[in-house]
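**Q** Just to be clear, the model below is a prediction. Sequence and coordinates:
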Amino acid sequence: MTDFEVLLARKEPLATGAVRLTLRHADGHQMPPWRPGAHVDLVLTNGLVRPYSLCGDPADRSVLQVAVHRNPRGRGGSRFVHDGLRPGDLLGVRGPRNNFPLVPARRYLFIAGGIGITPILPMIAEVDALGADWCLAYGARTRSSMAFAGHLAEWYGERVMLRPQDETGRLKLDRLLGRPRPGTAVYCCGPESLLAAVEEHCRAWPPGSLHVERFGPRAVTGRDREETAFEVELARSRRRLAVPPGKSILRAVEQAGVPVLSSCREGTCGTCETPVLDGIPDHRDSLLSQEERAAGDTILICVSRARGRRLVLDL
């Protein structure tokens, strides 16, 4: 299931282990509009579906661009992009969707780790064009693995702190985040170790200061391993489904033949987000904010479950 087809117009190396894909509409149409922080789901020619952040220029409606880092320990999507895709291939696209929107603020502190620079790149272009006060701390294992590093240094100069770990060590989060600064929006994307450390450093900051996007799920807690059976009622489909331990809501819905979109199946991309009409969700995702979790009116059905015996979903 796709929204539209695209042609892989160009595939080029960005850095060690990273490539950029330039996509054009297969029918020659303009691409849909998007804002910084948005991502698309790529439906790859081997059947895998993977979310990737858009890293191009939102004003350029002729193409969409994503950057993909090879993850040798992943589930095969990035390996296929690197080894299997060729210019001229047709791919499906869903979206764009935006779970990481850029909010108005007096100041911005961007923190990127590795390929986590991709959603932040168009954010920087926008806030710089607006004349906002901002800076970027960008870390990676080596300088050669830092996608867009040359572009960032050339265009933005001293606003950009490039910190390859083999030269300067890890990002100094105490210096960056040790003193809460009201009015500053902190945007962070990168590996889970970086995100967890940034979240810990921002506990003393004003609520709503920190905005993160994850490429992988949070670490699993003891409670998240506990699973009990419950029932899901699908209001629009007029179906009732049993969800036993070891089976996700998403899988139960798919097996019942009810169409539903999904992508990461890890609770990070938001593709399967579904309104909750009744019942209390047991949120196990890595995407929703504390406020969204407390509201209890939405759930990521690929990983989350029910706190009681029954959930009613708008499906």
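**A** Arrived safely, thanks for sending. On a predicted model such as this, the values are computed, not experimentally measured, just so you know.

**Q** Around the closest residue to Gly178 other than its chain neighbours, how many other residues sit close by?
**A** Closest residue to Gly178 apart from its sequence neighbours, by Cβ to Cβ, 6 or more residues apart in numbering: His201 at 7.2 Å. Quick note: C-beta positions are derived from backbone N, CA and C, even for glycine. Neighbour count for His201, taken as other Cβ atoms under 10 Å: 18.

**Q** Kindly state the pLDDT recorded for Arg284?
**A** At Arg284, the pLDDT value in this model is 93.

**Q** Isn't it up against Ser304?
**A** Yes - between Arg284 and Ser304 a contact is recorded at 4.8 Å, counting by Cβ atoms under 8 Å.

**Q** Who has more neighbours out of those two?
**A** Ranked by neighbour count (other Cβ under 10 Å), Arg284 and Ser304 place Ser304 first, with 26 against 21.

**Q** overlap in contacts of Arg284 and Ser304?
**A** Gly267 (Cβ atoms under 8 Å, 6 or more residues apart in numbering).

**Q** Phi and psi next, for the residue nearest to Gly178.
**A** phi -70, psi -20 (degrees, to the nearest 10).

**Q** Can you list the neighbours in contact with the longest strand seen in the chain?
**A** In the chain, taking DSSP state E as the definition, the longest strand is strand 4-15. Residues outside strand 4-15 that contact it (Cβ under 8 Å, 6+ apart) are 19-27, 29, 63-64, 67, 85-93, 144-149.

**Q** switch the cut-off to 7 Å
**A** Contacts to strand 4-15, defined as Cβ atoms under 7 Å, 6 or more residues apart in numbering, come from residues 19-26, 63, 67, 85, 87-93, 144-148.

**Q** Could you identify the buried members of those?
**A** For these, a neighbour count by 16 or more other Cβ atoms under 10 Å gives the buried set as 19-25, 63, 67, 85, 91-93, 145-148.

**Q** picking that back up, pLDDT averaged over the longest strand of the chain, what's the number?
**A** 96.

**Q** Please apply the same query to stretch 235-251.
**A** In this model, stretch 235-251 has a mean pLDDT of 94.

**Q** per the record, what domains does this protein have?
**A** 4-97, 107-214, 222-313 (automatic domain parsing).

**Q** the helices in the stretch 151-300 of the chain, which residues?
**A** 165-168, 173-177, 192-201, 222-225, 249-255, 290-295 (DSSP state H, counting those that start in this stretch).

**Q** need the contact list for Gly308.
**A** Contacts of Gly308 by Cβ under 7 Å, 6+ apart are 230, 279-280.

**Q** repeat that with 10 Å
**A** 228, 230-231, 278-282 (Cβ atoms under 10 Å, 6 or more residues apart in numbering).

**Q** Need the buried ones from the residues you listed selected in ChimeraX.
**A** Entered in ChimeraX, the line below selects the buried ones among the contacts of Gly308, by 16+ other Cβ under 10 Å:
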select :230,231,279,281,282
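
**Q** of all the contacts of Gly308, which two lie farthest apart?
**A** With Cβ to Cβ as the measure, no two of the contacts of Gly308 lie farther apart than Thr228 and Asp278, at 18.2 Å.

**Q** Assumed Tyr52 was part of a strand.
**A** Yes - under DSSP: H, G, I helix; E, B strand; the rest coil, Tyr52 falls within a strand.

**Q** list the contacts for Thr16?
**A** Here Thr16 is in contact with 69-70, 140-147 (criterion: Cβ under 10 Å, 6+ apart).

**Q** go again using 7 Å as the cut-off
**A** Per Cβ under 7 Å, 6+ apart, neighbours of Thr16: 142, 144-145.

**Q** picking up where we left off before, pretty sure the residue nearest to Gly178 sits against Leu177.
**A** Yes - using Cβ atoms under 7 Å, His201 is in contact with Leu177, at 3.9 Å.

**Q** Quickly list what's touching both of these two.
**A** Residues touching both His201 and Leu177 by Cβ under 7 Å, 6+ apart: none at all.
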